[in-house]
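> sequence and computational prediction follow.
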Amino acid sequence: MKKREILQFAEILFAHTEAFNFPAVFANRDNSREFILSHIRSCDSRILLVSDILGSGKTFLLNMVMNELKSGDHKTLICGRVKPDALNGKQIIVIDEWDIKANPKRLKKSLDVLISARAAGATVPTILLGDFTLRSANVYAALGGRESLAEVPMEPLNPYFFNLALQNRIARVRNKKRSEELAEIDREIVTAPLGEALAPEWKVTSANFRDVFRTLSQLCNYVEPSMEDGTIGPQEAAEWVLTRAPLGMSEAQAAFFADYVVALREQIQHGGWGRITPMTLGEMHAQFAADAMSLEALRAEVVEPMARTPGLIAAMGTPEVSASGDAYDRFPGPYLPGVYARLSAAFGG
Amino acid sequence: MPEKKIISLKDRLLAAAVIFGGECDVAEIDFRLTAYRALLDLARSSDNGTVDEFDIISTLEDLPSFKSREKLRKLANDLKLFERGSDGTMRIKEVLHLDDYRPGSFPFAAPASVPIGFVEEPEAEAGGFDEFYKAEIPGVLLQTMHGLNTFFKSAIGFQNKTLLSPFYRVLPSSNNKLPPFEEVGAPASTTALLDIVLFLNDVKRLPNIESDLDTTKIWANVESWAERQAACRLPPNDPYGDGGALYINDDDDYPGADRPSVLSNAQMLSATFVLDSMFSGAGYANIRTPLLEFVLSCQNDDGGWGPYRYRSELYRDKPMVASSIPLFSFLAFASLADFFFDGDSDRTLSERIVDAVDRYACLLVQSAQDNDTTAGWSNTFSLNDPIDLFDSAVNLHACVLLLKVFKLCDRKTLVRADILRELAEKCVRHICVNWEVGSTAQSNIHRIKFRVPTTQGSAGTEMVWEQPGDARLLRALSEASLAGISPGIDGYVKMAQAATEIVKACRQGFWMDLDASNARAGILNINSTITSASGLLMFERARHSLVTSTDHVA
């Protein structure tokens, strides 16, 4: 694809918001889609959990399934704002945003409303969407334990998934029905090294659609608008890393992050992305901060603030909501590098 | 919430210094202000105005910063925006007492308290508007000049290729750059290009527009177009007696029309003065007479003009008279006014022109005295009169222009100048009181309806010509201001608001089509562009109070 065309179609190729809705072509979601569909069609009474990291496409997946079911009575409720009578008369109950953005007290209230409704006999298919909060022990217990729950096996964003999604979008731009019909020149618009950094081959991954495609959209700022055939690759990524360096870090945070990125880089060089595994707080402390601060200080002053900032460090643990709804551990370890950390490690100076 | 209180700038600054200042760097102050606003939004969006600590901390954690939770908690405490209720929930305060932040250490002259919303933008104050937009108007006008020049070049190419007139509504090409453009929508009129010619002539009179645009190239484009236009006239032996009138094949003032129109001939008439001054010796003055004859022949018995009027005996006895419409009346009159401002006009024509102008002036005055609110006028301009403000604006503009014309008339006119001026002053007051500046042009679209004329009679189809109202009103009040009729403080505030909204709506020198779905599809409208830019242009002139005795604008 010509570089200028990449820029011209960037909005479609790298769409990452609801502003652009693709028709029902969703790469690589066959398993999860089929799981949800058969759960609903078989009137399985267990509560269905669609639990994955933020930005992974859960809501989009659900909308696709609902469209396939032609479910007219589907109105997604929002966790924290579920009133008791809102569940009455529904054919399918869908409640979204069970995640770290929710107030724990209101999350608990929503749980209570849901359990009360089910206790009163409302056993229609019920689907909850959220992040790993849905795997919290207290949430499990409140929902009736594992026997009452069915978890959708969400496909992680890995190189295969990423390339398939991208090729589907290119096919859309080229008015082709299938990506197999694409010309050779159109098949690769993101170089392999960049693709691996954006969506590494990990079983548990911090890569999500929103961050990855938003990053690609930003990388377009560094693509020269020429009529030459081209790709987005290391050069653009290097410029992006340079200009997107996070501002406002404390000395301790900057030092930690620099060491973290260097360590990532060494691992990639010696064994590829597969060598990188989630690090616990203790492991991070031992490797990067044992001499500088306590474990608790590392968590409160460095790791958690950085985990809150998208793209640096991603908290991959299960956020725990206390039973009373008074407390919420929102950014628990272990931790994986976010997209900025990954690209810094792969292409930064 | 307490009644909104006007806070002086000084009090705002002092309060900000007290609350956000201290021993910290600029980035920290910026963050505190951001945090303040975020918490204000949180409180306003909460269900019953109450929040809890989690909401506050998570709101601050969601802001881009690398602060620990402890630091954010301290910041929330330092900002002191919330008070705790007996049930443990927190509610945002309505008033902040500055002594809570700096006990006993701020000057007596400082305010004791400020409302919680003191960080928000102040209401527009009388007589002024956001300084940012004042600086923007010349830039916007420049962009419009550039954009119209580009459009003009494309339009000529299009016209040469297709022999059709270019349209009012255009869609930029897929890379969002002009040219080329794709024509869409209902055809409009050759007046698109005529409007551009007149606008470009007006713009060059604004001395603070400094442009790197090579104006010789603009006018070179205009010249090549004008030559073709000049050739597009009915033959001398036109069976309906309109030989020499301007008529473009598919004259799309009105789709399906097959006779010339008042609008395009009046505009072309005005354009000949501009073109003659730019390209002397090109002979544009020579084509003026038949255009003038046509416009004069179309004047209705009441003194106004509709979109057309054809002599019925030649049209198989079918009545071909369209009722007078204020905007068409004004545009026809404005083309006649140009004769008064042109020093070389044939004096023998002036008697007939003065007669026509006189009759138009009588229409304005008489319709006011008759309280003919359908004509946009009223003698009393009572608040209960259902007057279309757009028509009022057009008539106001007409009054102002008439006053200039009367000064140049050799003979005494039927209507006294002081009567016209009084009408204009009443109209200005009426507009200033009743004008509600729309947040978008959508709420101020004036729709002029008329039927298409054909040789078989008036067509069944009704055409609608949409006009952006705020821009017209802005222009009319600006013209009045230049003529010494002040809109007063309330009027100036509205003019400034309108100018601000118009500037905001500009897209690379163009304005979008008034139809909402067209606008969403990215369709530009040349009429909206010219009308909006002209409004800004006149406003800019009014602000700079550029008035000369021979000043005239069509």
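Noted; the coordinates are in hand. Numbers count the residues shown, from 1 in each chain, chains lettered A, B, ... in the order given.

> burial count for whatever residue of the stretch 51-200 of chain B ends up closest to chain A?
The stretch 51-200 of chain B approaches chain A most closely through residue B:66 (4.4 Å), counting by C-beta to the nearest C-beta. For glycine as for every other residue, the C-beta is placed from the backbone atoms N, C-alpha and C. Neighbour count of residue B:66, defined by other C-beta atoms under 10 Å in any protein chain shown: 22.

> next one: residue B:200
One way to gauge burial is a neighbour count; for residue B:200, by other C-beta under 10 Å, it gives 22.

> which SS class is it?
Under DSSP: H, G, I helix; E, B strand; the rest coil, the three-state class of residue B:200 is helix.

> how near is it to residue B:503?
Distance, residue B:200 to residue B:503, using C-beta to C-beta, to the nearest Å: 19 Å.

> swap in residue B:420?
Applying C-beta to C-beta to residue B:420 and residue B:503 gives a distance of 32 Å.

> ok, back up a step: where does the residue of the stretch 51-200 of chain B closest to chain A sit: helix, strand or coil?
Under three-state DSSP, residue B:66 falls in the coil class.

> contacting residues around it?
Applying C-beta atoms under 8 Å, 6 or more residues apart in numbering or on different chains, one finds that residue B:66 lies in contact with A:246, A:248, A:249, A:250, A:253, A:305, A:306, A:309.

> swap in 10 Å and give it another go.
For residue B:66, the contacting residues are A:246-250, A:252-254, A:257, A:301-302, A:304-306, A:308-309, A:312, by C-beta atoms under 10 Å, 6 or more residues apart in numbering or on different chains.

> restricted to buried residues, select the residues you listed in ChimeraX.
Applying 16 or more other C-beta atoms under 10 Å in any protein chain shown to the contacts of residue B:66, the buried members can be selected in ChimeraX as follows:
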select /A:246,249,252,253,257,301,302,304,305,306,308,309,312
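
> near chain B too, which of the contacts of residue B:66?
Subset of the contacts of residue B:66 in contact with chain B: A:246-250, A:252-254, A:257, A:301-302, A:304-306, A:308-309, A:312, counting by C-beta under 10 Å from any C-beta of the partner chain.

> which SS class is the residue nearest the centre of chain B?
Closest to where the C-alpha atoms of chain B average out (C-alpha atoms, centre = their mean) is residue B:471, at 1.8 Å. Judged by three-state DSSP, the three-state class of residue B:471 is helix.

> roughly how far apart are it and residue B:501?
Computed with C-beta to C-beta, the distance linking residue B:471 and residue B:501 is 10 Å.

> identify each buried residue in the longest helix anywhere in chain A, please.
Assignment by DSSP state H gives helix A:251-271 as the longest helix of chain A. Along helix A:251-271, the positions that meet the burial threshold by neighbour count (16+ other C-beta under 10 Å) are A:252, A:253, A:256, A:257, A:260, A:261, A:263, A:264, A:267, A:268.

> again, but for stretch A:83-99
Of the residues in stretch A:83-99, those scored as buried under the neighbour-count criterion (16+ other C-beta under 10 Å) are A:87, A:90, A:92, A:93, A:94, A:95, A:96, A:97, A:98, A:99.

> if you look at these, which of them are in helices?
Filtering these for helices - DSSP H - leaves nothing at all.

> and the furthest pair within these?
The distance between the two most remote of those (C-beta to C-beta) is 21.8 Å, for A:90 and A:99.

> which of the buried residues of helix A:251-271 lies closest to residue B:114?
For residue B:114, the nearest member of the buried residues of helix A:251-271 is residue A:253. The distance, counting by C-beta to C-beta, is 35.0 Å.

> my guess is the closest one contacts residue A:312. True?
Yes. When contacts are counted by C-beta atoms under 10 Å, residue A:253 is listed as touching residue A:312 (9.2 Å).
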